[in-house]
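J.: dropping the sequence and predicted coords here.
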Amino acid sequence: MAAILLAVVGPAAGQVYKAPRTANGKPDLNGIWQALGTAHWDIEGHAARPGPVVALGAVGAVPAGLGVVEGGQIPYQPWAAEKKKENSKNWLTADPEIKCYLPGVPRATYLPFPFQIVQTPKHVLMTYEFASASRIIYIDRPDFESPIDTWMGHSRGRWEGETLVVDVTGFNGQTWFDRAGNFHSDALHVVERYTAISRDALRYEVTIEDPKVFTRPWKMSMPLYRRLDKNVQLLEFKCVEFVEELIYGHLRKKTSKGKEDPK
Amino acid sequence: MRHRIAVAAFVLVIVPIASIGQALAPGADKTPVAKKTTAASKTWNPPRTPWGEPDLQGIWDFATITPMERPKELAGKEVLTSEEAADFERRTLEQRNPDRRDGGSQADVGRAYNQFWWDYGTKVIGTKRTSLVVDPPDGRIPPLTPEGQKRAEARTVARQRPAFGPEDRNLWERCIMGGNTGPPMTPGPYNNFVQLFQTRGSVVIFNEMINDARVVPLDGRPHLPPNIRQWRGDSRGRWEGNTLVVDTTNFTDEPNFRGASAKLHVVERFTRVAADVLLYEFTVTDALTWTKPWSAAIPMSKTEGPIFEYACHEGNYGMVNILTGARAQDKAAEETAKKESK
């Protein structure tokens, strides 16, 4: 009777899947994962819209999305709502992703690139294809305070049953959430929850807290999918070499014929 | 333990200037060297992961003042005595000390990055060998092929002129790869730390310099197809007894190692020979660069962390300054030419 009840109650409680275990008995989240959808364009719900680069036509347009923010809207303070609009207007010059800067958390997770979880008993390494960003999550070291502010933040993790909970602090405030100009300050505090919902999917839930920018904490959530391609591996996308022209092009040696061959 | 906090501070303000790059450039390690101890035993039985592989995990420090190549004045001397090693260490540290003020104003400018910024290490390697190169036995990197020489000359021209663009500078100054990360890794002026992570089926080689994580599959899959080239190459690993062997190919036509070509093939060997010593050996083969393959050995020592973020590109004021300076030089040269023609 109890078993039957449990089976009935289980799904309602939202905990139906039990992941395979690692050697030390924790849910095994190792693998290459990627978000699908349009959160990287805009974490709030949005209709399709044209992009700012005319030459890119349909390819440069922004696809629609239902949004990943719980309740639909980010609770900005009034000044911050204005700032977000300004960011959005100045996207091409203001977005750190365009300059190939380290993406920060949670943005790194839902960029349109895969990332890999490498799990050991003491650390979980998350390494991202975009910009070769990485971060080390220190497991069960709650007293290890952030030694210095950084782009990717300081990550401390713990296991709560089926869920890897990661507390991220120590941000330098220079990263964004998406290409729509959604942003935060250096007071950002992120709590991420990674839970396997099947062999090939994780539920990714994030709580965002930043009293300098928002009126209250808020949440986003989305699934992450395992990359099942044959021989899948992270490939290299350093991207510095792709933005040198953008960042340093005006400092190149010019000749009467235009640019000099660099080699 | 060396000054990790200073290193962290450097990370945030990093300005990869020409002098740092030159410190790592081929032929730059011409400092005199060190000497002999018993080779670390390769038979020590390392701890194992739960699935039975040797456990190499931890943070490993590969800083040393032992030069890559045996200094000419030590020709024929493979290993230093303890006394010679101590003397060598003392002399090297004296010579390198940028806090000296005995060279006039120009030398002072060259020493603007004072001792605070550097973390070369203070010791020769445990074996007290006089070079990191172990093969050829003379401790010297084999001569360049004619083609390798041509590329080296082209690089020298690019590095010495006022830079036309970022491509004239090395990968470190461009913040694409770390100056000491290779592959293969070689000791440099700071951030000589690598953390290894192991999970079933993969090893990750995570360098502090530019925070590059090389995920190495151990499942026997083939290398990437030859048309996919990467700055860090493409690495595959396997175990040979207690040794992790990592085979790397698929480099771009500008690998991050001593002017090598896209033909570069690197084989690295990681063996934990004591609880706190990881023996790192590599062999490089590149018929378009060197007349024969060569090998080096660097014992790494276990150290405490953490590994810090290294956001290089985000703060690369160095490149802006190098190029701005180059354009100012161009302008000055133009004006001089105009005056002279009048």
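T.: Okay, I see it.
J.: let me see the ranges of the strands in chain A.
T.: Under the criterion DSSP state E, chain A carries strands at the ranges A:31-35, A:115-119, A:123-128, A:134-139, A:154-160, A:163-169, A:189-198, A:201-209, A:218-226, A:254-255, A:258-259.
J.: who are the contact partners of the closest residue in space to residue B:188 that isn't next to it in sequence?
T.: Excluding its sequence neighbours, the residue lying closest to residue B:188 (CB to CB, 6 or more residues apart in numbering or on different chains) is residue B:180, at 3.2 Å. Glycine gets a C-beta too; all of them are placed from N, C-alpha and C. Applying CB atoms under 8 Å, 6 or more residues apart in numbering or on different chains to residue B:180 gives the contacts B:24, B:62, B:186-189, B:191-192, B:207, B:209.
J.: out of the residues you listed, the closest to chain A would be?
T.: Set against chain A, the nearest of the contacts of residue B:180 by CB to the nearest CB is residue B:207 (10.1 Å).
J.: near the closest residue to that closest one other than its chain neighbours, how many other residues are there?
T.: Nearest non-adjacent residue to residue B:207, counting by CB to CB, 6+ apart: residue B:181, 4.3 Å away. Neighbour count for residue B:181, taken as other CB atoms under 10 Å in any protein chain shown: 27.
J.: residue B:181 sits in which helix or strand?
T.: Assessed by DSSP states H and E, residue B:181 sits outside every helix and strand.
J.: residue B:213 is in contact with that one, correct?
T.: No - contact criterion CB atoms under 8 Å: residue B:181 and residue B:213 do not qualify, at 10.6 Å.
J.: shared neighbours, those two?
T.: Joint contacts of residue B:181 and residue B:213 (CB under 8 Å, 6+ apart) are residue B:207.
J.: count of neighbours near residue 61?
T.: Unless you meant another one, I'm taking chain A. Residue A:61: 14 neighbours (other CB under 10 Å).
J.: that's the other chain; I wanted chain B
T.: Using other CB under 10 Å, residue B:61 has 21 neighbouring residues.
J.: ok, it touching residue B:298?
T.: No - taking contacts as CB under 8 Å, residue B:61 lies outside contact range of residue B:298: 10.3 Å.
J.: ok, the closest residue to residue A:215 other than its chain neighbours to residue A:83 distance?
T.: Leaving aside its sequence neighbours, residue A:215 sits nearest to residue A:75 (CB to CB, 6+ apart; 4.5 Å). Here residue A:75 is placed at a distance of 14 Å from residue A:83 (CB to CB, to the nearest Å).
J.: strands of chain B, residue ranges please.
T.: Under DSSP E, chain B gives strands at B:58-61, B:133-135, B:193-199, B:202-207, B:213-217, B:234-240, B:243-249, B:265-274, B:277-285, B:294-303.
J.: what helices or strands is the second one leaning on?
T.: Applying 3 or more CB pairs under 8 Å, 6 or more residues apart in numbering or on different chains; DSSP states H and E, one finds that strand B:133-135 makes contact with strand B:294-303.
J.: and the contacts of the strand it packs on?
T.: B:1, B:40, B:58-62, B:64, B:68, B:125-127, B:129, B:131-136, B:141-142, B:184-187, B:193-194, B:273, B:275-284.
J.: mind redoing it with 6 Å?
T.: Residues outside strand B:294-303 that contact it (CB atoms under 6 Å, 6 or more residues apart in numbering or on different chains): B:58-62, B:125-126, B:132-135, B:141-142, B:276-283.
J.: sheet partners, orientation included, of that strand?
T.: In the sheet, strand B:294-303 lines up against strand B:58-61 (antiparallel), strand B:133-135 (antiparallel), strand B:277-285 (antiparallel) (DSSP bridges).
J.: average pLDDT across the first one?
T.: This predicted structure assigns strand B:58-61 an average pLDDT of 98.
J.: same deal with the longest one?
T.: Taken as a whole, strand B:277-285 has an average pLDDT of 98.
J.: and chain A, which of its residues are near chain B?
T.: Neighbours of chain B within chain A, by CB under 6 Å from any CB of the partner chain: A:23, A:30, A:101-102, A:116, A:118-120, A:125, A:127, A:132, A:134, A:148, A:150-152, A:231, A:236, A:238, A:240, A:244, A:248, A:251-253, A:260, A:262.
J.: and if we set it to 7 Å?
T.: A:23, A:30, A:100-102, A:116, A:118-120, A:123, A:125, A:127, A:132, A:134, A:136, A:147-148, A:150-152, A:231, A:233-234, A:236, A:238, A:240-241, A:244, A:248, A:251-253, A:260, A:262-263 (CB under 7 Å from any CB of the partner chain).
J.: ok, residue B:301 - how many residues close by?
T.: Residue B:301: 18 neighbours (other CB under 10 Å).
J.: give the bridge partners for it, please.
T.: Residue B:301 has these beta-bridge partners by DSSP bridges: residue B:61, residue B:277.
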